[in-house]
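Asker: Predicted structure and sequence below. I'll ask about it afterward.
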Amino acid sequence: MAPKLQRRRTTIAAAALLVLLLSLVVVVATAGARTQATSTELEVFSWWTGGGEAAGLEKVIAIWKKEHPSVTFKNAAVAGGAGTNAKAVLAQRLAAKDPPDSFQGHAGAELQDYIKAGQLEQIDFVYRQFGLKKVMPKQLIQQITYQGHLYSVPVNIHRANVLWFNPSVLRKAGIKGAPKTVSQFIAALAKAKDAGVIPLALGEQWTQKHLFETVLLGTVGTARYNALWRGGGNWSSPAVMNAINNYKTILGYTNTDAPSLTWQDASKLVVDGKAAFNIMGDWANGYFTELNKKANVDYGWAAAPGTGGVYQWLSDSFTLPKGAPHRDVAVQWLKLLGSRRAQDAFNPVKGSIPARQDANPRLYNTYLKWALRQWKTDKLAGSLTHGVVANNAWNTEIDTALGLFLQSKDATKFQAGLAAAAKKNA
Ligand code: GAL
């Protein structure tokens, strides 16, 4: 072949190759752009549908909508306090590989369930990108870290061990101030009974477990309580038996329709002047605020009896599930939740203190200002009912033992049930 013709053919072949390569680049680039395009929906799963709770979530949703007008917010909240129903629905969805884009989970043992089951992405990059590690309390970071990685963004810190009371009901019953110890509490309950009001308002079973964990802490003390969850504690001890007996006595002063009441129904009995006391987490403060009730007038509070100086805490956090259908916007959601503006909008309404340590205290009401101060100085104990100290399996076994006890009132069997559950799970 003549060298000139040969050169021309080579040039044509090279040009063709170049065209081919260029079109490949275009195809790949377009595909890339397509996967990077912002999703148009975000599905968030929680159990915040009721009084005080939905309003808190709505505050964050409002910010989200303003900042992401083209993304439809799908609120997949499932009703039922403490996530009793929601957690079951979530488990089914996760098993069916149908996760929402982000779901609520308690910091601590509960979160670890999801991590160990391989259902969550680690989100170290979110913390790095948005500088979250610096602004969250160390002990909280520990609770959401597993094998060196972070798995959720906490929005708040709730306090479980709060005794709510109606100041004028207490006055009328001749009860001088909030009882500080369990035995003072029992004496006050007796006085309230004599005065013809419900001494202690109680609701459905999870609120009864909530009451139990505060009585346990108030009876055995912080060090023993904390040890019970770490494998070193003695569930068969006389101290635990004392706690069960105290609990049994206290249950004798509660409303008989408890199983059919939500936590809101039970807390409301206090601000309505029908009950003297209620032991509930500080989401009750969010609810009272929503009901326009006045602190120190319509309701007062103190540490649950025997738990002064201790913050029995829990934290709601949000996750990035593996296979989240709209992962890109889910990351933006987590970024928003970690921000000061979202935490300062959410928490004053939800009735919790912010997880971030740089929040603006002026935005928080009288109760929450108290809680902010307590958080700084109190010793810590984790909540059972709200997933800090025991995972879902352990909680379920305690639920079973408690359910039997509520029927039989057999303290010995209850203690044996608790000990057996600890042996299996601690
Ligand atoms: C807790 C949750 C709180 C509050 C409460 C009552 O488990 O952490 O945010 O919602 O249940 O529903």
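Answerer: Arrived safely.

Asker: Am I right that residue 81 is in contact with residue 262?
Answerer: Yes - using CB atoms under 8 Å, residue 81 is in contact with residue 262, at 5.9 Å. Heads up, the C-betas are built off the backbone N, CA and C, glycines and all.

Asker: Now do the shared contacts for those two.
Answerer: Residues touching both residue 81 and residue 262 by CB atoms under 8 Å, 6 or more residues apart in numbering: 50, 203, 204.

Asker: Among those, which one has the most neighbours?
Answerer: Of all the shared contacts of residue 81 and residue 262, residue 203 has the most neighbours under the rule other CB atoms under 10 Å, reaching 26 neighbours.

Asker: can you pull the pLDDT of it?
Answerer: Note on residue 203: pLDDT of 98.

Asker: what's the answer for residue 18, then?
Answerer: With respect to pLDDT, residue 18 scores 53.

Asker: what do you get for residue 289?
Answerer: 97.

Asker: how close does the closest residue to residue 67 other than its chain neighbours sit to residue 161?
Answerer: With CB to CB, 6 or more residues apart in numbering as the criterion, residue 67 has its nearest non-adjacent residue at 7.1 Å, and that residue is residue 336. Taking CB to CB, to the nearest Å as the measure, residue 336 falls 30 Å from residue 161.

Asker: likewise residue 299?
Answerer: Residue 299 is 16 Å from residue 161, by CB to CB.

Asker: hmm, back to that, which outside residues touch the helix or strand harbouring the residue nearest to residue 67?
Answerer: Using DSSP states H and E, the element containing residue 336 is helix 327-338. Residues from elsewhere that reach helix 327-338 (CB under 8 Å, 6+ apart): 36, 38-39, 41-42, 44, 60, 63-64, 67-68, 71, 101-102, 123, 126, 129-130, 132, 153, 155, 318, 320, 324, 342-343, 356.

Asker: list the buried ones in it?
Answerer: Judged by neighbour count using 16 or more other CB atoms under 10 Å, the buried positions of helix 327-338 are 327, 329, 330, 331, 332, 333, 334, 336, 337, 338.

Asker: Out of the residues you listed, which is nearest to residue 191?
Answerer: Within the buried residues of helix 327-338, the smallest distance to residue 191 is 44.4 Å, found for residue 337 (CB to CB).

Asker: Quick one: name the residues of the stretch 51-200 of the chain near the ligand.
Answerer: Residues of the stretch 51-200 of the chain found near the ligand (CB under 6 Å from any ligand atom) are 53, 81, 82, 83, 106, 158.

Asker: Name the nearest residue to the first one, ignoring sequence neighbours.
Answerer: This means residue 53. Of all residues not flanking residue 53 in the chain, residue 283 sits nearest, at 6.2 Å (CB to CB, 6+ apart).

Asker: Please report how far that neighbour lies from residue 319.
Answerer: Counting by CB to CB, the gap from residue 283 to residue 319 is 20 Å.

Asker: can I get the CA coordinates of stretch 203-222 in CSV?
Answerer: What follows is stretch 203-222, C-alpha atoms only, in CSV (Å, rounded to 0.1, in the frame of the first residue of the first chain):
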residue,chain,number,x,y,z
GLY,A,203,-51.2,4.6,81.4
GLU,A,204,-50.6,1.6,79.2
GLN,A,205,-47.9,-1.0,79.8
TRP,A,206,-44.8,0.8,78.5
THR,A,207,-45.6,3.6,81.0
GLN,A,208,-45.8,1.0,83.7
LYS,A,209,-42.3,-0.2,82.7
HIS,A,210,-41.2,3.5,82.7
LEU,A,211,-42.5,3.8,86.3
PHE,A,212,-40.7,0.6,87.2
GLU,A,213,-37.3,1.8,85.9
THR,A,214,-37.5,5.1,88.0
VAL,A,215,-38.6,3.2,91.1
LEU,A,216,-35.7,0.7,90.6
LEU,A,217,-33.2,3.6,90.2
GLY,A,218,-34.7,5.5,93.2
THR,A,219,-34.5,2.4,95.4
VAL,A,220,-31.2,0.7,94.5
GLY,A,221,-29.2,3.9,93.7
THR,A,222,-27.3,4.9,90.6
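
Asker: hang on, the earlier thing: reformat the buried residues of helix 327-338 as TSV; add pLDDT and distance to the ligand.
Answerer: Below are the buried residues of helix 327-338 laid out as TSV (pLDDT from 0 to 100; distance: CB to the nearest ligand atom, whole Å):
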residue	pLDDT	distance to the ligand
327	98	25
329	98	23
330	98	20
331	98	23
332	98	22
333	98	17
334	98	17
336	98	18
337	98	13
338	98	17
